[in-house]
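> sequence plus the predicted model coming up.
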Amino acid sequence: MPKHHRTATCPPWCVMGHGVHGGEEDNVHVSEQLSVRNTFLRLAATVDPATGHMEGPYLLVGSEEYTMDELDQLLDTLGQLRAAAADGGMGRSQRAERLISS
Ligand SMILES: [Zn+2]
C-alpha cells in the first residue's frame, strides 16, 4: 500500500495519494471507492490550492455525477420508494400527498 500523502487542502474523506504525479492531479481529491453490485460510488472534489476554493464534492455513481443537492434528492427518493416497498403497496408518500393537495 502506498502511503497516503495528504495536502493542506485535502477534505477529510480524501484517500488520494497526492504528490506522486504532481501538477493538476494534486488538486483532485477522491474518497475511498465503494460499490453496490457492479456500480462504483465515491466522492470527488477539486480544490484550488491558491484560493482554497472547492468545487464539489460530487458523488460519482458509475459514470454519473451528482451534486450534494442532487444526492439529497436521490436519498429522499430512494427513501420514499423503500418506504413504499416496506408498506407492501404503492401508498402515496407524504411528499406526493403534499404535491397533490397544493
Ligand atoms: Zn486529497
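Sure thing, it's come through.
> residue ranges with poor pLDDT in this protein?
1-4, 21-22, 89-102 (pLDDT under 70).
> rerun at 80
1-5, 20-25, 88-102 (pLDDT under 80).
> can you list the domains in it?
1-66, 68-102 (automatic domain parsing).
> right, so those: which one is the most enclosed?
domain 1-66 (a mean of 13; mean count of other C-beta atoms under 10 Å). Backbone N, C-alpha and C define where each C-beta goes, glycine included.
> got the contact list for stretch 52-70?
9, 11, 13, 29, 31, 39-48, 71, 74 (C-beta atoms under 8 Å, 6 or more residues apart in numbering).
> go again using 7 Å as the cut-off
9, 11, 39-47, 71, 74 (C-beta atoms under 7 Å, 6 or more residues apart in numbering).
> export the residues you listed to JSON lines and tack on distance to the ion and secondary structure?
Converted to JSON lines, those look like this (distance: C-beta to the ion, whole Å; DSSP: H, G, I helix; E, B strand; the rest coil):
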{"residue": "9", "distance to the ion": "7", "secondary structure": "coil"}
{"residue": "11", "distance to the ion": "7", "secondary structure": "coil"}
{"residue": "39", "distance to the ion": "23", "secondary structure": "strand"}
{"residue": "40", "distance to the ion": "18", "secondary structure": "strand"}
{"residue": "41", "distance to the ion": "18", "secondary structure": "strand"}
{"residue": "42", "distance to the ion": "12", "secondary structure": "strand"}
{"residue": "43", "distance to the ion": "11", "secondary structure": "strand"}
{"residue": "44", "distance to the ion": "10", "secondary structure": "strand"}
{"residue": "45", "distance to the ion": "8", "secondary structure": "strand"}
{"residue": "46", "distance to the ion": "10", "secondary structure": "strand"}
{"residue": "47", "distance to the ion": "8", "secondary structure": "strand"}
{"residue": "71", "distance to the ion": "20", "secondary structure": "helix"}
{"residue": "74", "distance to the ion": "24", "secondary structure": "helix"}
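> which element, helix or strand, includes the most centrally placed residue in the chain?
In the chain, the centroid-proximal residue (C-alpha atoms, centre = their mean) is residue 59; its distance is 2.3 Å. Residue 59 is part of strand 54-61, with elements assigned from DSSP states H and E.
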